[in-house]
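>>> Structure for the following, please:
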Amino acid sequence: MEHSYADYVPAIKAMSDETRLKIIDMLSCGEMCACDILEEFSISQSTLSYHMKILSESGLVNAVRDGAWMRYTLNKEKTDELKTFFACITSDKEDCICKRCKNKKSNNQCC
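Numbers count the residues shown, from 1 in each chain. Next up, the predicted model:
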């Protein structure tokens with residue numbers, strides 16, 4: 001299975017922050033408005049907006065305006081795709097990139 005690793009970089013970068021990981025965890029239970037998310041953190045509204053922008057642009061989170069409020073949900077399709085990608089790159093498979101690397105070195109020695 002061939003992957004475009006670059007396609008997954010934005011989502012992985014978005015998850016590389018503790019606050020954003022906590023937000024993803026919070027959204028795993030369902031839709032939340034920004035005000036409810038903000039109550040769980042000691043950050044400003046603008047900082048939360050920054051984090052939500054990164055999560056939304058990465059495709060991990062869906063954002064919908066509801067009057068003056070923003071409502072957020074996890075993008076199930078994207079999170080499932082990312083889980084599948086992680087499962088693929090962390091398991092042995094016939095067309096694994098490591099096998100191509102090993103085949104280039106006939107004596108299996110490092111360097």
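
>>> Pass me the low-pLDDT residue ranges in the protein, would you?
Along the chain, the model assigns pLDDT under 70 to residues 1-3, 100-111.

>>> try 90
For the chain, applying pLDDT under 90 flags the ranges 1-4, 68-69, 88-89, 91-111.

>>> And the helices in it, which stretches?
Here the chain has its helices, by DSSP state H, at 9-14, 18-27, 34-38, 45-58, 76-89, 97-104.

>>> what packs against the third one?
In other words, helix 34-38. Judged by 3 or more C-beta pairs under 8 Å, 6 or more residues apart in numbering; DSSP states H and E, the packing partners of helix 34-38 are helix 45-58, strand 69-74. Every residue, glycine included, has its C-beta placed from N, CA and C.

>>> What residues does Leu48 make contact with?
Going by C-beta atoms under 8 Å, 6 or more residues apart in numbering, Leu48 touches Ala34, Ile37, Leu38, Phe41.

>>> what about the second one, distance to Gly59?
Ile37 sits 18 Å away from Gly59 when distances are taken as C-beta to C-beta, to the nearest Å.

>>> swap in Val9?
11 Å.

>>> Compare neighbour counts for these two and give me the winner.
Between Val9 and Gly59, counting by other C-beta atoms under 10 Å, Gly59 is the more crowded of the two (18 against 11).

>>> shouldn't the more buried one be in contact with Thr79?
No - taking C-beta atoms under 8 Å as the definition, Gly59 is not a contact partner of Thr79, at 9.2 Å.

>>> Among the contacts of Leu48, name the buried ones.
Among the contacts of Leu48, those classed as buried by neighbour count (16 or more other C-beta atoms under 10 Å) are Ala34, Ile37, Leu38.

>>> CSV for these, including distance to Lys13?
Below are those laid out as CSV (distance: C-beta to C-beta, whole Å):
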residue, distance to Lys13
Ala34, 22
Ile37, 20
Leu38, 23
